[in-house]
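Trainee: turn this into a model:
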Amino acid sequence: MAVTEPLSNEALRDFLNTVRAGEVRTGRVVRVDDREALVELDGFSGPGQALGRIPSGDLTRKAVGHPSEAVSIGQRLTFEVTAVDGEQQYVWASASACEDPALRAFLLGLRRGATHRGRVQSVHGFGVFVNLDGEPDHEGTTGFIRGPELSWRRVDHPADAVTVGQQVIGEIIGVDTRRGQVQLSLKALQEDPLVPFADRAGTVMAGQVTKLVPFGAFVRIADGVEGLVHTTEFVEEPVEDPGRIVSEGDEITVRIVEVDLVRRRVTLSARNLP
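Mentor: Numbering: from 1, shown residues only. Predicted structure coming up:
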């Protein structure tokens with residue numbers, strides 16, 4: 001059967017109205033090119049074809065050079081519907097989401113906001129891979145923690161926060177069936193160190209200069225809490241180079257001017273101190 005463009009007909013529209021994102025469908029591959037595979041969805045009996053588009057990145061989680069290495073014309077596929085384009089009358093789908101039934105069942109059993117244990121499998125500059133408790137045997141690692149989700153405090157490298165083999169407990173912040181991945185946050189289960197400072201505007205305290213920037217200096221006033229002293233807040237007259245006043249590592253006295261919990265910003269001043 002030749003591949004036709006989706007027909008704008010009532011039967012096709014009615015059929016597409018029954019298709020929902022997240023559900024599993026089946027179909028037959030009718031075309032493969034450099035970008036995607038087209039599948040004819042099962043269950044449509046009207047004129048023309050109900051077509052699904054599977055982008056190359058959604059055909060398989062295995063490394064392939066061309067989509068034709070993952071699927072072939074005539075092959076039957078099981079896939080997850082990712083979106084329905086009613087205007088173009090196409091279904092977008094992911095075969096990789098259904099590639100491993102055991103892994104898919106495991107992922108669908110997880111819920112955002114729940115906690116889950118695992119063991120650190122590898123640590124990289126961009127984040128941490130975690131073998132989750134209960135995950136089925138499969139190629140790859142299911143859990144992933146982005147660098148910013150490791151801790152409230154500043155972490156220069158994920159290796160400063162966790163080590164390979166370490167047992168961790170994180171909050172599930174995302175489940176991606178297409179990539180076969182669970183996003184975790186260790187930070188979500190830690191107390192936000194900024195909260196105790198929310199009502200401490202006007203407090204004078206000691207801090208350590210951690211970084212100089214053209215517009216000022218960042219000062220750590222507690223573990224996980226840093227604020228900015230702008231160049232206009234060191235002395236009465238603005239300074240062009242904060243390095244003329246302080247150096248990284250210096251202990252200085254500052255006053256808390258403002259704490260913005262939403263934007264996570266702490267404004268400090270070193271002027272007019274008692």
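
Trainee: break down the stretch 1-150 of the chain into its helices, ranges please.
Mentor: 10-16, 101-108 (DSSP state H, counting those that start in this stretch).

Trainee: for the last one, what is the distance to the chain centroid?
Mentor: Chain-centre distance of helix 101-108: 20 Å, with Cα atoms, centre = their mean, to the nearest Å.

Trainee: right, and residue 197 touches residue 256 too?
Mentor: Yes: the criterion here is Cβ atoms under 8 Å, and residue 197 meets it with residue 256 at 6.7 Å. Bear in mind the C-beta positions are built from the backbone N, C-alpha and C, glycine included.

Trainee: which residues are common contacts for these two?
Mentor: Common neighbours of residue 197 and residue 256 (criterion: Cβ atoms under 8 Å, 6 or more residues apart in numbering): 221, 266.

Trainee: where are the low-confidence patches of this protein?
Mentor: Within the chain, the stretches with pLDDT under 70 are 1-8, 46-47.

Trainee: so what's the residue nearest the centre of it bridging to?
Mentor: Geometric centre of the chain, nearest residue: residue 183, 6.4 Å, by Cα atoms, centre = their mean. When assigned by DSSP bridges, residue 183 has beta-bridge partners residue 144, residue 174.

Trainee: is it true that it touches residue 173?
Mentor: Yes: using Cβ under 8 Å, residue 183 is in contact with residue 173, at 5.0 Å.

Trainee: what is in contact with these two at once?
Mentor: With Cβ under 8 Å, 6+ apart, residue 183 and residue 173 have common neighbours residue 149.

Trainee: so who does residue 22 touch?
Mentor: 80-81.

Trainee: residue 209 versus that one, what's the distance?
Mentor: To residue 209, residue 22 is 50 Å away according to Cβ to Cβ, to the nearest Å.

Trainee: once you drop chain neighbours, what's closest to residue 108?
Mentor: residue 177 (7.2 Å; Cβ to Cβ, 6 or more residues apart in numbering).

Trainee: count the residues that sit near the one you found.
Mentor: 19 (other Cβ atoms under 10 Å).

Trainee: okay then, goodbye and thanks.
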